[in-house]
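Colleague: Mind looking at a prediction? Sequence and model below.
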Amino acid sequence: MSFFQLVRREMQGSLTRLAVMSGLGGVSNAAILAAINAGAQSAGNGEVSVSAATLFVVALLLFIKTQHYILIATTVEIEAIIHKLRVRLMDEVRHSELLPLDAIGRAAIVAAITKETTTLTQATNMVAFAGQGVVLVFFVGIYIAYLSLLAFAVSVVVICVAGVIFHIKSRQVAAGTREAAEWDNHLFDRLIDLLDGFKEVRLNRSRSDDLFDDVVEVSRKAANIKIRSQSESYKQLVFSQSAMYLLLASVVFMVPAFSDTKGGSITQVTTALMFVVGVCMGIVQTIPILQAADVASDNIERLEAKLRAIVGETQVESLEPRSRFDKIEMRDVVFSYMDKSSEAVFRVGPLNFTLHSGDIVFISGGNGSGKSTFLKLLAGLYEPDSGELLLDGVRVDDTNRDAYRALIAAIFVDYHLFQRLYGIADPGPGEINRLLTQFRLTDKTRLTGGEFSTLDLSGGQRKRLALIVSLLEKRPILLLDEWTADQDPDFRRKFYDELLPELKQAGETVVVITHDDRYLAELDLPARKLRMDEGRFVGQDSVASG
């Protein structure tokens, strides 16, 4: 999709009115030229042309008025379009599903919402001036034809030939611009690897060197592609300037030789062409910007098409959110996916699992045994390839998945802690203070206006704060993935000896992924312990009989 198609589809104001004002702007420019030429001719005869001066004043006032309108109107329109695109994209992202969203990649989504929309903004004013320039060239062309038909014909031939050559070259530049944008996204992925994996990078010199070598290679490719495409753009610019100079030379040297056009007319034609040359160069300089805007528009449209496909498959009329349940069952659930980085296929299942309201379940197993994947299947974030997930005997599918998810609060290994309490309406200050005291965070952060004063906490403290938020959601099921891993021994003991019994007494259903076998052996709480290996449950024990 081109930039103009995107603007035409999304704009809310009157495109006709904007086009009319751009046309008037071009006419006012042409009128200013005609007035100056007429005034200069009169001055050459020792006279002052009142009519030319009047035309100049009227044209100048019209120019000022149209410029104000066009610049303000286009800014308002494009920012409204960008706002609508950003909001719509983020709305589609939040209604998407985890696995296909991972397949799209964070770089493409972030680039579309930030970099690509910025490119559209940069193109807006250039388009407004280019539109007026086209109108100006049209009317100046009529003026040149009035002065000399041969000069007009020569101008048309030179401009058309230059335009065809320029168009052919522009397609190559556009392809290079699109390829450069793709490599920019690859570079963004490497930057995320560097920042998110900083600890791992600092611990392993070989990994650090390999990652940096990859960053250098990706950056070099992106730079080389940009150099190539920019070089072609500059060649186009030089070609355009040369074509304009050739046009001027043709009028000055060829037209008098093949026609009886007088010197005064040639001078006026040359003046008009000199006036147009600057405008034409401005139009030419907008072309690379418009090409970048076309690439940005196309990237946004392709991303939105992917998101619409995801949302279209999953977003149907949902049931009302659930606030309680009796039993959740997994029956012969199998799930597999391919890891993009290693191209390895991970598979879990078949899984058979039952969770009753009020259960406390511990799941252990080695790294890569499928624990976290199981938890995401249980949370409804992954859809099974086969088998079924049942809520109180009803299969969980697209019609009731959101209602099912409303039962669950979860803290995964890669959890995100929000600064604000989104989705939690008016939590009581007393409850907040009690939880902050219980989790030993009163001297670390506080809640003011629905926002935490700071998230600059240690890993264990951040997880405690995340658990506070999960408890404030007041959902009947709590899923914890290695929650105790970052806690000090004292608070780890507090979790098993105090927090879990409180949750059990409150009727909360808790599923915990843990390696704390020593604490489980001492736990005096009715609970189940499951072990996973190679994507399956291989054992089940009762932790305590109560």
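Modeller: Sure, I can see it. Please read these numbers as outputs of a predicted model, since none were measured by experiment.

Colleague: which residues in the stretch 251-400 of the chain form helices?
Modeller: 255-258, 263-314, 371-378 (DSSP state H, counting those that start in this stretch).

Colleague: Just put the ones you listed in TSV and tack on distance to Arg324, mean neighbour count and mean pLDDT.
Modeller: Glycine gets a C-beta too; all of them are placed from N, C-alpha and C. Shown next, in TSV, are the helices of the stretch 251-400 of the chain (distance: least, Cβ to Cβ, whole Å; neighbours: other Cβ atoms under 10 Å; pLDDT from 0 to 100):
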stretch	distance to Arg324	mean neighbour count	mean pLDDT
helix 255-258	90	14	68
helix 263-314	24	18	73
helix 371-378	17	22	90
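
Colleague: looking at those helices, which is closest to Ser96?
Modeller: helix 263-314 (4.6 Å; Cβ to Cβ).

Colleague: one step back: Tyr146: which of the helices of the stretch 251-400 of the chain is closest?
Modeller: helix 263-314 (9.6 Å).

Colleague: thinking again about what came up before, adding distance to Asp398, write the helices of the stretch 251-400 of the chain out as JSON lines.
Modeller: Conversion of the helices of the stretch 251-400 of the chain to JSON lines gives the following (distance: least, Cβ to Cβ, whole Å):
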{"stretch": "helix 255-258", "distance to Asp398": "72"}
{"stretch": "helix 263-314", "distance to Asp398": "5"}
{"stretch": "helix 371-378", "distance to Asp398": "16"}
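
Colleague: quick check, Val510 in a strand?
Modeller: Yes. Counting by DSSP: H, G, I helix; E, B strand; the rest coil, Val510 is found in a strand.

Colleague: i'd like the first residue to be 55 from this point on
Modeller: Okay, using 55 as the starting number, the last item reads as Val564.

Colleague: Closest to the centroid, which residue in this structure?
Modeller: Taking Cα atoms, centre = their mean, the centroid of the chain lies closest to Ile167, which sits 2.7 Å from it.

Colleague: Val141 is in contact with that residue, correct?
Modeller: No. At 9.8 Å, Ile167 and Val141 do not qualify as touching, with contact defined as Cβ atoms under 8 Å.

Colleague: Can I get stretch 94-114 in CSV, CA atoms only?
Modeller: Below are the C-alpha coordinates for stretch 94-114, written out as CSV (Å, rounded to 0.1, in the frame of the first residue of the first chain):
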residue,chain,number,x,y,z
ALA,A,94,9.7,43.9,-15.0
GLN,A,95,8.6,44.3,-18.6
SER,A,96,6.9,47.6,-17.7
ALA,A,97,9.9,48.8,-15.8
GLY,A,98,12.0,48.0,-18.8
ASN,A,99,9.8,50.4,-20.8
GLY,A,100,10.2,53.1,-18.1
GLU,A,101,6.7,52.5,-16.7
VAL,A,102,5.1,51.3,-13.5
SER,A,103,2.3,48.7,-13.9
VAL,A,104,-0.4,49.2,-11.4
SER,A,105,-2.3,46.1,-12.6
ALA,A,106,0.8,44.0,-12.1
ALA,A,107,1.4,45.4,-8.6
THR,A,108,-2.3,44.8,-7.7
LEU,A,109,-2.0,41.2,-9.0
PHE,A,110,1.1,40.7,-7.0
VAL,A,111,-0.5,41.9,-3.7
VAL,A,112,-3.6,39.7,-4.3
ALA,A,113,-1.6,36.7,-5.2
LEU,A,114,0.7,37.1,-2.2
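
Colleague: Buried residues, it. List them.
Modeller: 96, 103, 106, 109-110, 113 (16 or more other Cβ atoms under 10 Å).

Colleague: got JSON lines for those, with distance to Lys498, pLDDT and secondary structure too?
Modeller: As requested, the buried residues of stretch 94-114 are arranged in JSON lines below (distance: Cβ to Cβ, whole Å; pLDDT from 0 to 100; DSSP: H, G, I helix; E, B strand; the rest coil):
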{"residue": "Ser96", "distance to Lys498": "82", "pLDDT": "75", "secondary structure": "helix"}
{"residue": "Ser103", "distance to Lys498": "80", "pLDDT": "79", "secondary structure": "coil"}
{"residue": "Ala106", "distance to Lys498": "77", "pLDDT": "83", "secondary structure": "helix"}
{"residue": "Leu109", "distance to Lys498": "74", "pLDDT": "86", "secondary structure": "helix"}
{"residue": "Phe110", "distance to Lys498": "71", "pLDDT": "85", "secondary structure": "helix"}
{"residue": "Ala113", "distance to Lys498": "68", "pLDDT": "86", "secondary structure": "helix"}
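
Colleague: Dump those residues to a markdown table, plus distance to Ala520.
Modeller: Listed next are the buried residues of stretch 94-114 as a markdown table, based on distance: Cβ to Cβ, whole Å:
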| residue | distance to Ala520 |
| --- | --- |
| Ser96 | 81 |
| Ser103 | 79 |
| Ala106 | 76 |
| Leu109 | 72 |
| Phe110 | 70 |
| Ala113 | 66 |
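
Colleague: so which two of the residues you listed are the farthest from each other?
Modeller: Ser96 and Ala113 (16.5 Å).

Colleague: any idea which helix or strand carries the residue sitting furthest away from the middle of the chain?
Modeller: Within the chain, Gly100 marks the point farthest from the mean C-alpha position, 63.8 Å out by Cα atoms, centre = their mean. For Gly100, there is no host helix or strand (DSSP states H and E).

Colleague: List the buried residues in stretch 474-487.
Modeller: Buried residues in stretch 474-487 (16+ other Cβ under 10 Å): 475, 481.

Colleague: which residues are in contact with it?
Modeller: Residues outside stretch 474-487 that contact it (Cβ atoms under 8 Å, 6 or more residues apart in numbering) are 496, 501, 504-506, 522-523, 526-527.

Colleague: Strands along the stretch 155-304 of the chain, start to end?
Modeller: Here the stretch 155-304 of the chain has no strands by DSSP state E, counting those that start in this stretch.

Colleague: Can you pull out the low-pLDDT segments for it?
Modeller: Flagging of the stretch 155-304 of the chain using pLDDT under 70 yields the residue ranges 179-186, 217, 220-232, 235, 249-258, 261, 287-288, 290-291, 295.

Colleague: do that again at 80, thanks
Modeller: Applying pLDDT under 80 to the stretch 155-304 of the chain flags residues 155-157, 159-162, 164-165, 167-206, 208-210, 212-266, 268-269, 272-273, 276-304.

Colleague: how close does Ser103 sit to Leu109?
Modeller: 9 Å (Cβ to Cβ, to the nearest Å).

Colleague: Could you name every residue contacting both of these two?
Modeller: Jointly contacting Ser103 and Leu109 under the rule Cβ under 8 Å, 6+ apart are Ala92.

Colleague: how about stretch 120-129: buried residues?
Modeller: Under 16+ other Cβ under 10 Å, the buried positions of stretch 120-129 are 120-121, 123-124, 127-128.

Colleague: pLDDT score assigned to Val387?
Modeller: Note for Val387: predicted pLDDT of 91.

Colleague: That one: neighbouring residues, count only.
Modeller: For Val387, the tally of surrounding residues (other Cβ atoms under 10 Å) stands at 23.

Colleague: Check Asn278 too.
Modeller: 12.

Colleague: and what of the one 5 residues further on?
Modeller: When counting by other Cβ under 10 Å, one arrives at 22 neighbours for Ser283.

Colleague: With Val564 instead?
Modeller: For Val564, using other Cβ under 10 Å, the count is 19.

Colleague: My understanding was that it contacts Leu557; is that so?
Modeller: Yes. If you go by Cβ under 8 Å, Val564 and Leu557 touch, sitting 5.5 Å apart.
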